[in-house]
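1. Fold the following for me, if possible:
(one chain, ligands or ions: 2)
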Amino acid sequence: MIYTGRPFVVIPTYNEAGNISEAIRRIKRQLPEIDILVVDDSSPDGTADVVRSLAEIYPNVEVIQRAGKLGLGSAYRLGFGVGLERGATSLVEMDADLSHEPESLPQLIRAVEEEGADLCIGSRYVRGGASPGLKTYRLLLSRAGNLYAALSLGIDIKDATSGFRVYSAEVLRKLDVDTVSADGYAFQIEMAFRVQAAHGRVVERPIIFRNRHLGASKMSFRVVTEAIFLCTVWGIQDRVARLTGNRDNYTHYHKDGSASVVKAIVHSARRQG
Ligand SMILES: Nc1nc2c(ncn2[C@@H]2O[C@H](COP(=O)(O)OP(=O)(O)OP(=O)(O)O)[C@@H](O)[C@H]2O)c(=O)[nH]1
Ligand SMILES: [Mg+2]
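-> Ligands and ions are numbered 1, 2, ... in the order given. Below you'll find the predicted structure:
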């Protein structure tokens with residue numbers, strides 16, 4: 001399938017040498033011309049070298065290697081910046097471990113490129129979606145995380161923690177991704193929250209979420225606590241802002257202290273929207 005626009009896939013990797021070839025091969029089988037940027041944090045297993053050799057076979061595949069493990073959120077911020085600079089029309093988030101099936105990619109991109117969504121989330125929790133084989137504690141964690149995000153932030157999204165998604169370039173420009181502070185699951189939630197705050201159109205499409213193919217998980221206690229902490233702070237802020245009738249003009253908490261920047265961005269994005 002060929003899109004008239006130019007979708008750009010960003011895949012963050014840390015020790016995914018066993019998965020990345022198959023992931024790229026399967027994406028290219030679906031969408032031969034698509035741009036793929038792997039943001040690798042100097043994986044000790046040589047993931048970046050694997051991508052470099054794939055780049056000799058496939059067009060529009062490249063890798064940016066960073067000095068150390070800097071986190072998922074910052075990898076996406078970097079990758080999105082590169083894609084936007086190059087004139088991408090939509091930006092895809094996808095894991096390398098084959099949990100996100102490349103075969104689902106065309107329908108997610110279509111929702112943005114052709115059906116006018118600002119954000120299309122590949123969702124485990126809409127009709128037709130599933131996560132077979134997920135361990136019970138991971139499923140509970142995911143369900144509880146989504147419930148908590150929905151209750152604290154008032155977002156109307158079934159799978160706000162899903163990292164398989166597509167944004168329109170337009171909405172990413174409005175949100176100024178560089179000011180998004182979260183790094184783990186909270187990154188996905190923060191991005192979805194911001195798209196909704198800016199009145200972006202969010203849709204969900206069913207995906208089958210597979211267990212990671214090979215290698216070790218990078219899920220950590222820190223990632224979970226970051227998500228709970230940030231959702232709580234944003235949720236309280238949002239409630240106070242609603243109660244005081246000041247929803248467009250409050251300071252969105254931001255980990256590195258640049259809260260006022262976020263406030264200005266969400267404010268102006270709302271006005272434009
Ligand atoms: N560049 C970069 N990529 C990362 C980092 N942490 C995780 N990733 C990648 O982000 C994607 C998601 O991480 P996963 O370890 O699969 O996290 P998960 O899906 O919650 O957990 P499992 O699937 O159970 O392993 C994978 O492609 C990882 O290689 C990081 O610090 N830097
Ligand atoms: Mg995974």
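2. How about the residues of the stretch 151-273 of the chain by ligand 2?
-> Applying CB under 5 Å from the ion, we find that the stretch 151-273 of the chain lies next to ligand 2 at residue 212. Backbone N, C-alpha and C define where each C-beta goes, glycine included.
3. if you go through the stretch 151-273 of the chain in chain order, where are the strands?
-> Shown for the stretch 151-273 of the chain, the strands assigned by DSSP state E, counting those that start in this stretch span residues 165-168, 202-206.
4. Need the winner for burial among the ones you listed.
-> For the strands of the stretch 151-273 of the chain, the largest average neighbour count (mean count of other CB atoms under 10 Å) is found in strand 165-168, namely a mean of 27.
5. So what are the sheet partners of that one and their directions?
-> Next to strand 165-168 in the sheet, as set by DSSP bridges, lie strand 90-93 (antiparallel), strand 119-123 (antiparallel).
6. Run the chain-centre distance for stretch 109-129.
-> 13 Å (CA atoms, centre = their mean, to the nearest Å).
7. how about it: buried residues?
-> Neighbour-count burial for stretch 109-129, with 16 or more other CB atoms under 10 Å as criterion, is recorded at 109-113, 117-126, 129.
8. Likewise for stretch 208-228?
-> For stretch 208-228, by 16+ other CB under 10 Å, it's 208, 209, 210, 212, 215, 218, 223, 224, 226, 227, 228.
9. check contacts around the second one.
-> Applying CB atoms under 8 Å, 6 or more residues apart in numbering to residue 209 gives the contacts 99, 100, 122, 124, 129, 130, 131, 134, 162, 164.
10. Now for residue 143: which residues touch it?
-> residue 125.
11. I'd like to know how far it sits from residue 82.
-> Going from residue 143 to residue 82 by CB to CB, to the nearest Å gives 34 Å.
12. Same check on residue 115?
-> In terms of CB to CB, residue 115 sits 25 Å off from residue 82.
13. again, but for residue 225
-> Going from residue 225 to residue 82 by CB to CB gives 30 Å.
14. before we move on, back to that, with the buried residues of stretch 109-129 in mind, which one is nearest to residue 245?
-> Nearest to residue 245 out of these is residue 118 (CB to CB; 26.3 Å).
15. what's the closest non-adjacent residue to that closest one?
-> Nearest residue to residue 118, sequence neighbours excluded (CB to CB, 6 or more residues apart in numbering): residue 200, at 3.4 Å.
16. can you check residue 67 too?
-> Spatial nearest neighbour of residue 67, chain neighbours left out: residue 42 (6.2 Å); criterion: CB to CB, 6+ apart.
17. show me what contacts that neighbour?
-> Counting by CB under 8 Å, 6+ apart, residue 42 touches 48, 65, 66, 67, 68, 69.
18. Out of these, which are close to ligand 1?
-> residue 69 (CB under 6 Å from any ligand atom).
19. Can you select the buried ones from the contacts of residue 42 in PyMOL?
-> Per 16+ other CB under 10 Å, the buried members of the contacts of residue 42 correspond to this PyMOL selection:
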select buried, resi 48+65+66
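20. Narrow the contacts of residue 42 to those in strands?
-> Within those, residues falling in strands by DSSP state E are residue 65.
21. Closest one of the contacts of residue 42 to residue 178?
-> residue 66 (15.7 Å).
22. Quick check: the farthest pair among the buried residues of stretch 109-129?
-> Top of the distance list for the buried residues of stretch 109-129 (CB to CB): 113 and 125, 23.8 Å.
23. For the residue of the stretch 101-250 of the chain found nearest ligand 1, give me the pLDDT.
-> Relative to ligand 1, the nearest point of the stretch 101-250 of the chain is residue 217 (2.9 Å; CB to the nearest ligand atom). For residue 217, the model assigns a pLDDT of 82.
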